[in-house]
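**Student:** 3D model of this:
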Amino acid sequence: MEIKKILVSQPRPSSEKSPYFEIAEKYGVEIDFKPFIKVEGLTAKEFRQSKINISDFTAVIFTARTAIDHFFRLCEEMRINIPDTMKYFCTTESIALYLQKYTVYRKRKIFHGTTGKLEELLPFLQKHNKEKVLYAISDVHKDETNVLDDHKIKYTKAVMYRTVSTKFNPDEPFDYDMLLFFSPSGIDSLLKNFPDFKQGDIRIGCFGSSTAKAVKEAGLRLDLEAPSPNAPSMTAALDNYLKENRAKEN
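**Tutor:** This is a model prediction of the structure:
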């Protein structure tokens, strides 16, 4: 079946130079963008129900910029003053640099890894083992804390934001030939919005092994998976797929 209309479950790219637009022009396909999920912060009232007092902690672990935003938002809403002595442990340099939005960047209080893996923070956490550590997370997160437990790192998880499904308008046409997903939550949202969803000829593509697993566990057919050795990105994988599909048609 010819692919004419594709839905990418992400926000529309801010740059018109995005590879998605090049692909749309190259293959004469229509590409729409609509996130299947969105992030919303817990209210101060909801967070207080966790019985966690942020003022009791002397360090915070961040694995996403979203976590930073909601940590400082909650502190502001609850009128908590963050001391200059607070230490921050971030899984990447870009996350660490994002802290400049809220605090003065000082190397003696901000530590970061390079690959995004929690285990890279172990040397810093072990060196500063007297700190009382808060781990800011979402309600849906990769549970990689075994590495912290195995090395006797003391920490407290604090859910500060959650992932919720985006609601589709019942009158909104859903006439796509291909759907592209980037997280297991996106698959959950598809099935919540369309409980009677029948895949039929609709192609499904995804990015990441956890998303691929969610597609298969939902009983859906996975037609395109990225990354791969010859397609490190979703756009590269989509380009290859459309090229092969066009060749079959001809």
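**Student:** just give me the residue right at the centre of this protein.
**Tutor:** Centroid-nearest residue in the chain, with Cα atoms, centre = their mean: Ser183, separated by 7.1 Å.
**Student:** regarding the chain, what is its longest strand?
**Tutor:** Counting by DSSP state E, the longest strand found in the chain is strand 155-165.
**Student:** so where do the helices sit in this structure?
**Tutor:** 19-27, 44-48, 65-77, 93-98, 122-127, 146-150, 184-193, 209-217, 234-249 (DSSP state H).
**Student:** the inter-axis angle of the last one versus helix 19-27?
**Tutor:** Taking axes from the mean of the first three to the mean of the last three Cα atoms, to 10 degrees, helix 234-249 and helix 19-27 form an angle of 10 degrees between their directions.
**Student:** show the contacting residues for the residue nearest to the centre of the chain.
**Tutor:** 37, 208, 210-211 (Cβ atoms under 8 Å, 6 or more residues apart in numbering). Bear in mind the C-beta positions are built from the backbone N, C-alpha and C, glycine included.
**Student:** please report how far it lies from Phe207.
**Tutor:** Applying Cβ to Cβ, to the nearest Å, the value for Ser183 to Phe207 is 8 Å.
**Student:** residue ranges with poor pLDDT in the chain?
**Tutor:** For the chain, the stretches flagged by pLDDT under 70 are 141-145, 250.
**Student:** quick one on the thing from earlier: so can I have a markdown table of the helices of the chain showing mean neighbour count and distance to Gln199?
**Tutor:** Shown next, in a markdown table, are those (neighbours: other Cβ atoms under 10 Å; distance: least, Cβ to Cβ, whole Å):
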| stretch | mean neighbour count | distance to Gln199 |
| --- | --- | --- |
| helix 19-27 | 15 | 22 |
| helix 44-48 | 14 | 36 |
| helix 65-77 | 19 | 31 |
| helix 93-98 | 16 | 36 |
| helix 122-127 | 15 | 43 |
| helix 146-150 | 13 | 35 |
| helix 184-193 | 20 | 10 |
| helix 209-217 | 16 | 10 |
| helix 234-249 | 16 | 16 |
